[in-house]
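Just the structure for this:
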Amino acid sequence: MGASSTNVPGTPMLNLSVPRSNSQGDGTPLAADNLLAIAWLVAISFGLLAVALWGYAYDQRSSIARLAAAIEQRSSTDTLPQTLAEFGPPTVARLVRAINGAQRYDAERVAQVLDVLAAYAHDLRTPLTRMALRCERLDDGELRDAIERDLAEMGELVEASLACARMQCWAGQPLRCFDADGLIGALVDNYGDAGRSVELEGEVGRPVMTCPHALRCVLVNLIDNALRYDSAVRLCVRVDARRVVLAVVDSGPGIVPAEMETVFAPWYRAPRTTARAQESGLGLTLARRLTLAMRGELQLENRRNGGLEARLTLPLTVA
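Presented below is the predicted three-dimensional model:
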């Protein structure tokens, strides 16, 4: 729309507005205006498409990052698989369902293998007992002692296999809030009734989120191991705002620093301890795996004044 101004002498100024045509004489739209409108439409369309693609890519990326974080968090616990919550766009939700299905299948296979292992280990107890009884009737004392040592080692392997199966069952149990002081006090009393010296120092004083069976198994393993090298051990309890530390302290020979992590390997026997005690070789391995299942940490540290401190750290709450 254009405007023109006309001034007539002796009359007030008159402003006239005259529309300007956007078309040619025959009514055809001007080509320049038409191309400009098309260019604007194309630019707006590409802009909207870019925003939509960015939003889609961001949603996919954030969902995959969230899924990766959930898998990493659970993998670090070394526990049996648990079901992941489905979330995100359809493609990510489908991936979560596929992962859950694969984990359920693997968990079922592991459970079947463990059931067979436990059954074989349990059945082996009977022939081992018969062999031990028959061994007592041997006249050759040296041969009898050698066979008894072999039978004792075989018995340890059987017990270790059963303990491994139990460990997998406990590792799959959900954590719950319970009175840890009651469990610890009863455990120390049991050692006292058996004539073993275990001194308790400190208390938790609040409920702990963990698995009672797993906690008891780990503490028994650490205390029994300490009693092999010291006639009296201490169980020290320390608590802060976020965690509880249960330290089993002995005055034994300790462990070579280079072997602090190696002793957690299955069937490993530290050279300094092999001749002093017979072990199944799975004790510390099972203890650490159960600790991971409880969202905790298990560390060994030589004391400055001699001896070893086995430190079990558990969170007071689990996110």
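
I147: helix or strand, and which one exactly?
helix 141-171 (DSSP states H and E).

Show me what the helix or strand that that helix is followed by packs onto, helices and strands only.
Note on helix 141-171: by DSSP H and E, the next helix or strand toward the C-terminus is strand 176-178. Judged by 3 or more CB pairs under 8 Å, 6 or more residues apart in numbering; DSSP states H and E, the packing partners of strand 176-178 are strand 208-210. Where you see a C-beta, it was placed from the backbone N, CA and C, and this is true even at glycine.

isn't L286 right up against C217?
Yes - counting by CB atoms under 8 Å, C217 is a contact partner of L286 at 7.3 Å.

Now do the same contact list for A232.
A232 makes contact with 197-199, 251 under the criterion CB atoms under 8 Å, 6 or more residues apart in numbering.

neighbours of R104, just the number please.
Residues within reach of R104, counting by other CB atoms under 10 Å, total 13.

Do a quick rundown of the helices in the chain.
Assigned by DSSP state H, the helices in the chain fall at 31-75, 90-135, 141-171, 180-193, 212-227, 271-274, 283-293.

Now for C236, how many residues are close by?
15.

L312 versus that one, what's the distance?
According to CB to CB, to the nearest Å, C236 stands 11 Å off from L312.

Could you measure from the residue nearest to T83 when sequence neighbours are not counted over to R228?
In space, T83 comes closest to N100 once its chain neighbours are excluded; the distance is 5.2 Å by CB to CB, 6 or more residues apart in numbering. Separation of N100 from R228 (CB to CB): 43 Å.

okay, L286 and C217: which has more neighbours?
Taking other CB under 10 Å, L286 and C217 do not tie; L286 has more neighbours (24 against 20).

hmm, back to that, in this structure the residue nearest to T83 contacts A93, no?
No - using CB under 8 Å, N100 is not in contact with A93; the gap is 10.6 Å.

Looks like M131 contacts E148 (just checking).
No - with contact defined as CB under 8 Å, M131 does not count as touching E148 (9.5 Å).

hey, what's in contact with both of the two?
Counting by CB under 8 Å, 6+ apart, nothing touches both M131 and E148.

Low-confidence ranges, the stretch 201-319 of the chain, go.
Scanning the stretch 201-319 of the chain for pLDDT under 70 picks out 267-282, 317-319.

no, scratch that, I was asking about the stretch 51-200 of the chain
If you take pLDDT under 70 as the line, the stretch 51-200 of the chain has these spans: 73-82, 164, 166-173.

re the thing from before, and the helices of the chain: which comes nearest N305?
N305 lies closest, by CB to CB, to one member of the helices of the chain: helix 212-227, at 15.2 Å.

if we look at that closest one, which residues are touching it?
Against helix 212-227 from outside (CB under 8 Å, 6+ apart): 163, 166-167, 170-171, 173, 176, 178, 180, 183-184, 187, 191, 196, 198, 208, 233, 235, 246, 248-250, 252, 279, 283-284, 286-287, 290-291, 293-294, 298, 308, 310, 312, 314.

can you pull the contacts of D59?
So D59 contacts 88-89 (CB under 8 Å, 6+ apart).

what do you get if the cut-off is 6 Å, keeping everything else the same?
P89 (CB atoms under 6 Å, 6 or more residues apart in numbering).

if I look at it, how far off is G202?
Distance, D59 to G202, using CB to CB: 50 Å.

per-domain residue ranges of this protein.
The record, using automatic domain parsing to delimit domains, assigns the chain the ranges 77-172, 174-315.

Burial-wise, tell me which of those domains comes out on top.
For these, the largest average neighbour count (mean count of other CB atoms under 10 Å) is found in domain 174-315, namely a mean of 17.

what's the span of it from first residue to last?
Counting by CA to CA, to the nearest Å, you get 15 Å between the two ends of domain 174-315.

ditto for stretch 286-301
Using CA to CA, one end of stretch 286-301 lies 18 Å from the other.

Quick check: the farthest pair among the contacts of A232?
Taking CB to CB, no two of those sit farther apart than V198 and S251, at 13.4 Å.

still on that earlier bit, let's have the helices of the chain in TSV, adding distance to A265.
Output for these, formatted as TSV (distance: least, CB to CB, whole Å):
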stretch	distance to A265
helix 31-75	20
helix 90-135	20
helix 141-171	14
helix 180-193	27
helix 212-227	15
helix 271-274	14
helix 283-293	7
